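> turn this into a model:
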Amino acid sequence: MTRTGDSIWLNDTLVPAADTERLLTGCSIYADVATIDHRPLYLTAHLACAASSYETLYGLRPACDVAAIRRRILHLQERNRLPRQGNTLRLFFLPPAVEERTLRQPDLLIVCAETTICHSYETMSLRPTALLVNYEVPFAGHRTSLSLAADRYMQEFARSKDFHLALHVNRANRLVSCGDYPVGVVREGRLTLPQLPAEAPKSVERRLLEQACSLADLPVETRDLPAEELAEADEVLVFGPHGLHAVLSCSEHYYYNLAARRLDRTLARLTAEGLKA
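Residues are numbered from 1 along each chain as shown. Model prediction:
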């Protein structure tokens with residue numbers, strides 16, 4: 001269920017959500033922040049990751065008042081009457097005009113993106129079918145308005161072909177991600193994650209997936225992942241804003257979910273730690 005709400009935060013002012021499309025036609029860096037009971041999970045880490053990308057691409061480190069942003073997230077959900085289970089808030093750093101980008105802080109836009117039935121990080125009960133989609137995005141590994149638009153297009157394309165989600169493969173036929181979220185391949189008791197592009201920050205979701213594997217004693221390696229290896233995988237896992245997706249099938253290959261069940265036992269701990277972070 002997708003919700004846009006009636007209002008959005010722009011800096012320290014609530015403005016009508018009707019302004020959203022105008023504000024999002026330009027360049028931006030974004031972060032998806034999950035909430036449980038209207039409380040954000042790993043907010044400090046999400047802001048640090050977005051700030052790192054903004055600094056890399058625009059040359060200025062955004063100043064983030066985490067406590068103030070936390071209050072705005074709570075207020076926005078209450079004002080828009082969102083349910084108290086899982087929600088996703090999308091935070092955008094909007095750069096000023098080109099000549100001011102190294103001198104003036106970006107505008108901060110906060111919008112309500114999505115509502116789920118989750119009450120914590122969970123392994124999703126629906127096991128999605130996946131379609132491989134081949135494309136490139138500039139500034140790979142950074143969450144930009146461009147990568148978000150490409151992901152939206154590709155996810156909709158996959159659904160139009162009767163698949164649940166799209167897995168991103170680049171021109172070198174290497175597995176990259178699921179949109180901007182991490183994807184990993186389990187084979188012979190080990191999770192393999194794609195190599196990150198140079199200077200790209202490690203996303204919060206990727207860190208959470210690695211932490212879950214550590215808690216579950218599942219070894220993790222990072223390297224280039226040719227798409228052909230999906231045919232030999234035991235499992236394919238995606239970590240999104242509200243938890244883990246164990247892919248059912250891709251390119252006519254079907255997968256188990258045994259490692260996903262092991263990781264599921266760690267998610268309550270990750271949720272508890274995230275509410276304090």
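> what pairs with the closest residue in space to residue 134 that isn't next to it in sequence across the strands?
Distance criterion Cβ to Cβ, 6 or more residues apart in numbering; nearest residue to residue 134, sequence neighbours excluded, is residue 169 at 5.0 Å. For every residue, glycine as well, the C-beta is placed using N, CA and C. According to DSSP bridges, residue 134, residue 175 are recorded as the beta-bridge partners of residue 169.
> and the pLDDT for residue 97?
Reading off the confidence values, residue 97 has pLDDT 82.
> go on, residue 18?
The predicted structure scores residue 18 at 58 on the pLDDT scale.
> center of this protein - which residue?
For the chain, the residue sitting closest to the mean C-alpha position, by Cα atoms, centre = their mean, is residue 181 at 4.5 Å.
> quickly list what that one is bridged to.
Listed beta-bridge partners, residue 181: residue 178 (assigned using DSSP bridges).
> doesn't residue 209 make contact with it?
No: the pair residue 181 and residue 209 fails to qualify as a contact (Cβ atoms under 8 Å) at a distance of 9.3 Å.
> so what sits against both of these two?
Common contact partners of residue 181 and residue 209 (Cβ atoms under 8 Å, 6 or more residues apart in numbering): residue 239.
> what is the burial count for the residue nearest to residue 134?
Per other Cβ atoms under 10 Å, the neighbour tally for residue 169 reads 20.
> can you check the pLDDT for it?
pLDDT, the model's per-residue confidence, is 97 for residue 169.
> need the contact list for it.
Contacts for residue 169 were tallied using Cβ under 8 Å, 6+ apart; they are 132, 133, 134, 175, 176, 227.
> separation between the first one and residue 122?
Distance of residue 132 to residue 122, given as Cβ to Cβ, to the nearest Å: 26 Å.
> likewise for the last one?
Between residue 227 and residue 122 the computed distance is 28 Å (Cβ to Cβ).
> and for residue 236?
The gap separating residue 236 from residue 122 is 18 Å, by Cβ to Cβ.
> looking at the two now, which is surrounded by more residues?
For residue 236 and residue 122, the more surrounded residue by other Cβ under 10 Å is residue 236, and the numbers stand at 27 against 17.
> in this structure the more buried one contacts residue 255, no?
Yes: using Cβ under 8 Å, residue 236 and residue 255 qualify as a contacting pair, with a distance of 5.5 Å.
> overlap in contacts, the two.
When Cβ under 8 Å, 6+ apart defines a contact, the residues bordering residue 236 and residue 255 alike are 246, 247.
> low-confidence stretches in this structure?
Residues of the chain meeting the criterion pLDDT under 70: 1-5, 18-25.
> burial of residue 211, as a residue count?
Neighbour count for residue 211, taken as other Cβ under 10 Å: 16.
> my read: it touches residue 270, true?
Yes: counting by Cβ under 8 Å, residue 211 sits close enough to residue 270 to count as a contact (6.5 Å).
> what ranges do the helices span in the stretch 101-250 of the chain?
With DSSP state H, counting those that start in this stretch as the criterion, the stretch 101-250 of the chain has helices at 145-160, 204-215.
> what does the first one contact?
In this structure, residues lying in contact with helix 145-160 by Cβ under 8 Å, 6+ apart are 24, 26-30, 92, 130-131, 133, 135, 137-140, 164-166, 168, 179-180.
> which of these are buried? Put it as a ChimeraX command.
Applying 16 or more other Cβ atoms under 10 Å to those leaves a buried subset, and the ChimeraX line that selects it is:
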select :24,27,28,29,30,92,130,131,133,137,139,140,164,165,166,168,179,180
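> what about the contacts of helix 145-160, which are in strands?
Members of the contacts of helix 145-160 lying in strands (criterion: DSSP state E): 29, 30, 92, 130, 131, 133, 165, 166, 168.
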